[in-house]
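Chemist: Here is the input, now give the coordinates:
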Amino acid sequence: MTDSTTRGSAAASAPAARSRVAMATLAGTTLEWYDFFLYGTAAALIFNKQFFPSLSPTAGTLAAFSTFAVGFIARPLGGLVFGHFGDRIGRKATLVVSLLMMGIGSTLIGLIPNYEAIGVWAPILLVAMRVVQGIGLGGEGAGATLMSMEHAPAGKKNLYAGFPQMGTPAGLVLANGIFLTTSSVMSDSAFTSWGWRIPFVLSIVLVAIGLVIRLRVTESPSFTGILEKNEVSKFPLREALDVGFTRLALTLLAVLANSAVAYAFMVFSLSYGTQHLGYDKQFLILSVTAAAVLWFLSIPVWTKVADKHGRRTMFIAGSAAILAWCVVFFPLLNTENSVVAVIAFLGMGLIVPVTHCVQGSIIADTFPAKVRYSGSSLILQSGAILGGGLAPMIATALLDATGSSTGVTWYLATICTISLFGAIALFRMVPDSSRGLQHDEEAAVVRA
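Modeler: Okay, the predicted model is just below:
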């Protein structure tokens with residue numbers, strides 16, 4: 001089923017406009033992920049003392065990671081709401097609102113009094129603002145990928161869909177960089193007491209910059225074509241489910257591992273490394289940041305490979321590589337050797353982007369354009385909860401129960417194995433449509 005109107009609109013999109021959209025989606029997702037990762041870093045290192053001081057160190061960390069997970073639980077709600085309106089009124093407007101929600105939520109986190117000042121209301125307000133963050137990011141994830149991908153010229157769909165994905169490591173680098181800079185210019189006691197608030201309050205400035213960039217982009221050619229043909233869906237999520245349970249389930253399974261492993265090394269490793277292995281906090285933050293830089297730089301390389309040779313082999317090989325590296329990651333950290341630890345983190349930075357860079361376009365290609373925002377949000381946010389959102393909390397609980405990282409390794413290896421077989425089954429069911437095709441119906445639904 002070919003959408004000639006959409007193809008024509010895409011072809012008419014000028015190169016300058018395409019580049020502006022790609023950069024706008026990258027800037028927006030960078031700022032949103034900055035806010036999200038800033039919370040993860042603070043949850044690993046600060047929030048147990050500020051918001052759960054009456055608990056033991058392990059229980060406090062577990063409670064802090066629980067609030068981290070709340071953001072992921074809220075993401076499907078954001079995905080459903082923003083997905084519905086993104087398919088009904090357009091991608092651009094919803095992405096502007098999602099960016100505002102994330103910025104306001106993060107700024108207010110920096111202004112919440114701690115437990116000593118207002119008691120139980122402190123963690124309650126923290127959770128409330130985390131929900132706002134989660135709803136905002138739930139609308140951003142799928143929407144930014146679609147906005148960029150649907151502007152892509154023929155043969156460069158994966159490259160353009162990869163620009164918003166670059167916002168994940170870029171946001172991590174920005175969050176850790178500002179967090180580290182702030183902590184290095186003041187004493188540990190001052191930073192733990194109030195200095196940690198500065199990076200959160202800065203969110204409002206960064207989001208204002210992002211809004212200026214995002215408001216200048218044009219609407220998605222795919223959505224414009226849908227409007228021209230009067231094909232706007234009344235209930236896009238319901239129509240998205242018509243793809244079939246098997247296809248939806250396999251797509252979800254295929255993307256689980258990336259999220260789980262990424263959050264284990266980006267967030268859980270900070271608390272584990274400082275509390276159980278004696279690594280310096282700044283060393284760990286720098287190691288994660290270095291891995292994120294490698295992750296960021298490698299995404300354009302992998303997306304070009306996918307556009308030229310197809311996603312199938314690359315994604316399956318990447319899934320196998322993630323499985324292998326998650327098995328050795330914590331044993332390498334456990335050596336308590338700084339050089340070996342850096343190698344462990346850099347390995348993650350090299351391997352994780354192989355599957356991360358194309359998972360957005362794989363998910364988007366599951367659905368026809370008129371319900372793509374809703375369908376993509378459903379898969380992406382469900383995977384985020386089951387994979388990444390629960391990973392730090394489950395890893396902390398396993399570590400506390402067993403006293404070693406072995407249980408964490410087995411947990412990650414199990415998820416990676418499930419994802420690997422899910423990816424193999426998915427690509428056997430669905431032909432790889434990523435090479436040399438336009439971004440709409442030629443590459444869309446194969447019903448299960």
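Chemist: Is H151 in contact with S19, as I believe?
Modeler: No: counting by C-beta atoms under 8 Å, H151 stays clear of S19, with 9.2 Å between them. Just so you know, the C-beta spots here come from the backbone N, C-alpha and C atoms, and that holds for glycine as well.
Chemist: And these two? Which one has more around it.
Modeler: A count of neighbours by other C-beta atoms under 10 Å puts H151 above the other of H151 and S19, at 29 against 13.
Chemist: Go ahead and report the secondary structure state at that one.
Modeler: coil (DSSP: H, G, I helix; E, B strand; the rest coil).
Chemist: Pull up the gap between it and P169, please.
Modeler: Distance, H151 to P169, by C-beta to C-beta, to the nearest Å: 22 Å.
Chemist: Can you give me the separation between D87 and I379?
Modeler: Counting by C-beta to C-beta - D87 and I379 are separated by 14 Å.
Chemist: neighbour count winner among those two?
Modeler: D87 (31 against 25).
Chemist: ok, and the closest non-adjacent residue to that one?
Modeler: In this structure, D87 finds its nearest non-sequential neighbour in P236, 3.8 Å apart by C-beta to C-beta, 6 or more residues apart in numbering.
Chemist: Output stretch 248-261 as CSV, nothing but the C-alphas.
Modeler: Presented in CSV, the C-alpha positions along stretch 248-261 are these (Å, rounded to 0.1, in the frame of the first residue of the first chain):
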residue,chain,number,x,y,z
LEU,A,248,4.0,-6.4,18.5
ALA,A,249,5.3,-8.9,21.0
LEU,A,250,8.4,-9.7,19.0
THR,A,251,9.2,-6.1,18.4
LEU,A,252,8.9,-5.4,22.1
LEU,A,253,11.1,-8.3,23.0
ALA,A,254,13.8,-7.3,20.5
VAL,A,255,14.3,-3.9,22.1
LEU,A,256,14.2,-4.9,25.8
ALA,A,257,17.9,-5.7,26.2
ASN,A,258,19.3,-2.4,25.0
SER,A,259,17.3,-0.5,27.6
ALA,A,260,18.1,-2.8,30.5
VAL,A,261,21.8,-3.0,29.8
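Chemist: Next, the buried residues of that stretch.
Modeler: 248, 250-261 (16 or more other C-beta atoms under 10 Å).
Chemist: do the same with stretch 163-179
Modeler: 163-179.
Chemist: Let me see the mean pLDDT of it.
Modeler: Stretch 163-179 shows a mean pLDDT of 90.
Chemist: Kindly report the same for stretch 50-57.
Modeler: Stretch 50-57 shows a mean pLDDT of 83.
Chemist: Summarise which helices and strands the host helix or strand of A59 is packed against.
Modeler: A59 belongs to helix 57-88 when assigned by DSSP states H and E. Secondary-structure packing of helix 57-88 (3 or more C-beta pairs under 8 Å, 6 or more residues apart in numbering; DSSP states H and E): helix 15-45, helix 47-51, helix 91-109, helix 121-149, helix 236-240, helix 269-275, helix 372-383, helix 391-402.
Chemist: Tabulate the ones you listed in a markdown table, adding columns for distance to G83.
Modeler: Shown next, in a markdown table, are the helices and strands packed on helix 57-88 (distance: least, C-beta to C-beta, whole Å):
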| stretch | distance to G83 |
| --- | --- |
| helix 15-45 | 16 |
| helix 47-51 | 30 |
| helix 91-109 | 8 |
| helix 121-149 | 7 |
| helix 236-240 | 7 |
| helix 269-275 | 32 |
| helix 372-383 | 4 |
| helix 391-402 | 24 |
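Chemist: Alright, I will stop here.
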